[in-house]
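Enquirer: generate coordinates for the sequence data below:
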Amino acid sequence: MKKLIFIIFTGATILLLAASNIIINSAKTASSAVGDTWTQFENGSSAYWNKKVANNTYSGAVSDKYSHYGIPAYRMELRNTDAYVNNSLCSVIETVKPEVAADESTYKFSTLLPKGGSDDFAADPKGDLIMAQWHNTPDPGEDWTYPPLSVHLSGDGHYHLYRYWDANPMSTDEELDANGTEAVTDLGSYIDDKGIWVDWNFHVKWGWKASQDPLIEIFKNGKLIQTIKGPNTTNDKVGICQELGISDGQWTVPGNPSILTDRIIYYDNVSIQTK
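Expert: Sure thing, here's the model as predicted:
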């Protein structure tokens, strides 16, 4: 039986306080053996989420510009001039507590890429950014590596799923590159999706070896678009954390060739279910 861990930005009431603090009050969310509880999100975070954004009013805020199911959504913005957060250029929310290693979960979230006007999400032929990722948790003495799973918005105007895995107890980016334990899957054009809400559903059975039966099933607007069998994470004692929001590595590269300086994505209807 699946256990609903949390939901944000659903059919909930969203309150804007006079002091410009934001409280996102979710629908009934966490289920457990002792019954249902409620989760409250304050300033874009909660007991389940950390907010990792630069200290700017635009970085992460509730907005009713693109309502989803009749309620406001969460607007994330990243500019190339933003201050770094935890040594990275990002505007994201991240689950506070990692999952159990080799767990099985279903992740649902909705995204909207603005169309037209100053917020238009144009394809950047020289740029690439991450709109969602599931990063690993390094073991003691191990450095951070590429996130095992991440959804990129690439310069060709397509969504791409990046996947990295390693059965070795200790991993490095250099070893992942050298061993070829990586794959990229095209998930189709995002240009056609601009200005409309897209509902995503990622069912992931995590694992780094065949005996764990690792599996990824990706649904877009209720339709299964990809099934990927095989390893999908690194061998770590602690499981992954999910991040939603904008991470841009292109702007951090010396001589950055990106032609854009600002990115905006809207998020809504976020939930995680785990077995």
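Enquirer: show the pLDDT at residue 131.
Expert: Note for residue 131: predicted pLDDT of 97.
Enquirer: which secondary structure state does it sit in?
Expert: Put simply, residue 131 is strand when judged by DSSP: H, G, I helix; E, B strand; the rest coil.
Enquirer: was I right to think it contacts residue 151?
Expert: Yes: if you go by Cβ atoms under 8 Å, residue 131 and residue 151 touch, sitting 5.5 Å apart. Glycine gets a C-beta too; all of them are placed from N, C-alpha and C.
Enquirer: excluding chain neighbours, what is closest to residue 159?
Expert: residue 187 (3.8 Å; Cβ to Cβ, 6 or more residues apart in numbering).
Enquirer: ok, so what distance separates the one you found from residue 193?
Expert: Separation of residue 187 from residue 193 (Cβ to Cβ, to the nearest Å): 11 Å.
Enquirer: ok, now residue 260?
Expert: For residue 260, the distance to residue 193 (Cβ to Cβ) stands at 18 Å.
Enquirer: now swap in residue 66 and tell me
Expert: From residue 66 over to residue 193 (counting by Cβ to Cβ), the distance is 13 Å.
Enquirer: how far is the helix or strand harbouring residue 162 from where the chain is centred?
Expert: According to DSSP states H and E, residue 162 maps onto strand 158-164. Taking Cα atoms, centre = their mean, to the nearest Å, one finds the center of strand 158-164 at 12 Å from the center of the full chain.
Enquirer: mind listing what's buried in whichever helix or strand comes after it?
Expert: For strand 158-164, the following helix or strand on the C-terminal side (DSSP H and E) is helix 173-179. Neighbour counts over helix 173-179 (16 or more other Cβ atoms under 10 Å) mark residue 176 as buried.
Enquirer: name the helices or strands packed onto helix 173-179?
Expert: The helices and strands touching helix 173-179, judged by 3 or more Cβ pairs under 8 Å, 6 or more residues apart in numbering; DSSP states H and E, number zero.
Enquirer: begin at 9, not 1, for the rest of this chat.
Expert: In the new numbering, first residue 9, that becomes helix 181-187.
Enquirer: nearest spatial neighbour of residue 100, skipping sequence neighbours?
Expert: Residue nearest to residue 100 in three dimensions, not counting chain neighbours: residue 253, with 3.0 Å by Cβ to Cβ, 6+ apart.
Enquirer: got the contact list for the closest residue in space to residue 132 that isn't next to it in sequence?
Expert: Of all residues not flanking residue 132 in the chain, residue 268 sits nearest, at 4.7 Å (Cβ to Cβ, 6+ apart). Residues counted as contacts of residue 268 (Cβ atoms under 8 Å, 6 or more residues apart in numbering) are 130, 132, 135.
Enquirer: where does pLDDT dip in this protein?
Expert: By pLDDT under 70, the weakly predicted segments of the chain are 9-55.
Enquirer: and residue 128, how close does it get to residue 256?
Expert: In terms of Cβ to Cβ, residue 128 sits 17 Å off from residue 256.
Enquirer: more crowded one of those two?
Expert: residue 256 (25 against 13; other Cβ atoms under 10 Å).
Enquirer: just the terminal-to-terminal distance for stretch 170-180.
Expert: Across stretch 170-180, the terminal residues are separated by 16 Å (Cα to Cα, to the nearest Å).
Enquirer: part of a helix, is the residue nearest to residue 100?
Expert: No: using three-state DSSP, the assignment for residue 253 is strand, not a helix.
Enquirer: buried stuff in stretch 96-108?
Expert: 97-103, 106-107.
Enquirer: okay if I get those residues as TSV plus distance to residue 68 and secondary structure?
Expert: Shown next, in TSV, are those (distance: Cβ to Cβ, whole Å; DSSP: H, G, I helix; E, B strand; the rest coil):
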residue	distance to residue 68	secondary structure
97	14	coil
98	11	strand
99	6	strand
100	8	strand
101	7	strand
102	12	strand
103	15	strand
106	22	coil
107	23	coil
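Enquirer: okay, these in CSV with distance to residue 247 next?
Expert: What follows is those, written out as CSV (distance: Cβ to Cβ, whole Å):
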residue, distance to residue 247
97, 25
98, 21
99, 24
100, 18
101, 18
102, 14
103, 10
106, 5
107, 4
